[in-house]
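**Student:** model this:
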Amino acid sequence: MNLEYFITDIDNTIADTRLRLRRSLREIGREEVFAKTSDRFGGFSEYLDSRELNKFWGLFLSGEFLYLDEPAPGAAEFLHKLVDEGIDLIYLTGRHDQPEDTMRPGTESWLEESGFPVPNGSGTKLFMKPKRYMEDKEFKLALLKEEFSGRRGSDKVVGVGDHPDDALLYKQAGIRPMLLNWIGLFTIEELNNSVSGVTVVDSWPEIEKEVWF
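**Tutor:** The predicted structure follows:
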């Protein structure tokens with residue numbers, strides 16, 4: 001195996017966020033919006049006014065309900081195998097880590113409590129946005145290019161996400177892109193058409209087969 005680095009998103013990749021999303025909507029008195037948007041990515045602005053949206057995102061993008069996230073079946077076990085093989089693990093997320101406004105403690109606690117390899121500053125790292133309102137794509141692409149400049153190659157670095165944009169960013173950074181469709185927020189066609197050469201899978205055991213063999 002030539003793999004040296006494995007990158008994974010968190011939300012809807014290793015963590016099912018639907019219970020946290022539903023609870024956040026319930027807290028603002030708009031739980032019915034969950035059923036109207038559960039089969040697609042986003043769409044909340046169609047049903048929530050600006051005041052409700054601010055309250056919703058304030059709750060969802062906080063540490064208060066992170067404990068509700070459910071780990072993807074097979075993800076923790078596979079990531080431990082990678083770490084045991086000496087492969088560097090990178091958690092790359094659009095969650096924010098801003099002074100006085102951070103999701104880092106809750107994210108690290110969730111990783112540990114859910115049985116995932118925990119960030120240790122060496123072989124396993126967690127990269128988060130430095131500001132809440134920074135664009136995810138801007139942050140991720142800059143980080144990928146900085147961290148993996150000169151260390152690219154489809155046989156050395158693999159990146160996994162759930163959003164078509166994830167595949168595009170990995171591709172732009174010279175990293176092999178893989179997309180996970182276990183929650184179904186996008187159609188198979190949308191994922192397959194995200195970028196040339198993308199691998200689309202339905203589960204973490206499938207990712208293990210793609211990477212391990």
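
**Student:** residues touching the nearest residue to L144 once chain neighbours are set aside, list them.
**Tutor:** With sequence-adjacent residues excluded and distances taken as CB to CB, 6 or more residues apart in numbering, L144 is closest to A173, at 3.7 Å. Heads up, the C-betas are built off the backbone N, CA and C, glycines and all. The contact partners of A173, by CB atoms under 8 Å, 6 or more residues apart in numbering, come to L141, L144, K145, F148, R152, G159.

**Student:** Please list all residues in contact with the third one.
**Tutor:** Meaning K145. Each residue near K145 by CB under 8 Å, 6+ apart is listed here: A173.

**Student:** Phi, psi for it please.
**Tutor:** Dihedral angles of K145 (phi, psi; degrees, to the nearest 10) stand at phi -70, psi -40.

**Student:** got it, and P177?
**Tutor:** Main-chain torsions, P177, degrees, to the nearest 10: phi -90, psi 140.

**Student:** That one reaches G159, doesn't it?
**Tutor:** Yes: contact between P177 and G159 holds when scored by CB atoms under 8 Å: they sit 5.8 Å apart.

**Student:** between the two, what contacts are shared?
**Tutor:** Contacts common to P177 and G159, judged by CB under 8 Å, 6+ apart, are D166, Y170.

**Student:** tell me the SS of the nearest residue to P119 once chain neighbours are set aside?
**Tutor:** Counting by CB to CB, 6+ apart, L126 is the residue found nearest to P119 once chain neighbours are left out, at 4.0 Å. With DSSP: H, G, I helix; E, B strand; the rest coil as the basis, L126 sits in strand.

**Student:** List just the nearest of the contacts of A173 to V83.
**Tutor:** G159 (16.6 Å; CB to CB).

**Student:** Doesn't that closest one belong to a strand?
**Tutor:** Yes: read with three-state DSSP, G159 is one of the residues of a strand.

**Student:** Quick check: it vs V195, distance?
**Tutor:** G159 sits 11 Å away from V195, going by CB to CB, to the nearest Å.

**Student:** how is this structure carved up into domains?
**Tutor:** Per automatic domain parsing, the domain ranges recorded for the chain read 5-16+69-212, 18-67.

**Student:** how about the strands in the chain?
**Tutor:** Taking DSSP state E as the criterion, the chain carries its strands at 5-8, 15-16, 70-71, 88-98, 101-102, 124-129, 157-161, 176-180, 199-201.

**Student:** so which of those gets nearest E189?
**Tutor:** strand 199-201 (9.8 Å).

**Student:** what packs against the closest one?
**Tutor:** Under the contact definition 3 or more CB pairs under 8 Å, 6 or more residues apart in numbering; DSSP states H and E, strand 199-201 sits against strand 176-180, helix 188-192, helix 204-212.

**Student:** coming back round to it: out of the contacts of A173, who's the most crowded?
**Tutor:** Comparing the contacts of A173 by number of neighbours (other CB atoms under 10 Å), G159 comes first, having 25 neighbours.

**Student:** Beta-bridge partners for it, please?
**Tutor:** I7, P177 (DSSP bridges).

**Student:** Distance-wise, check R176 relative to E70.
**Tutor:** Per CB to CB, R176 is found 27 Å from E70.
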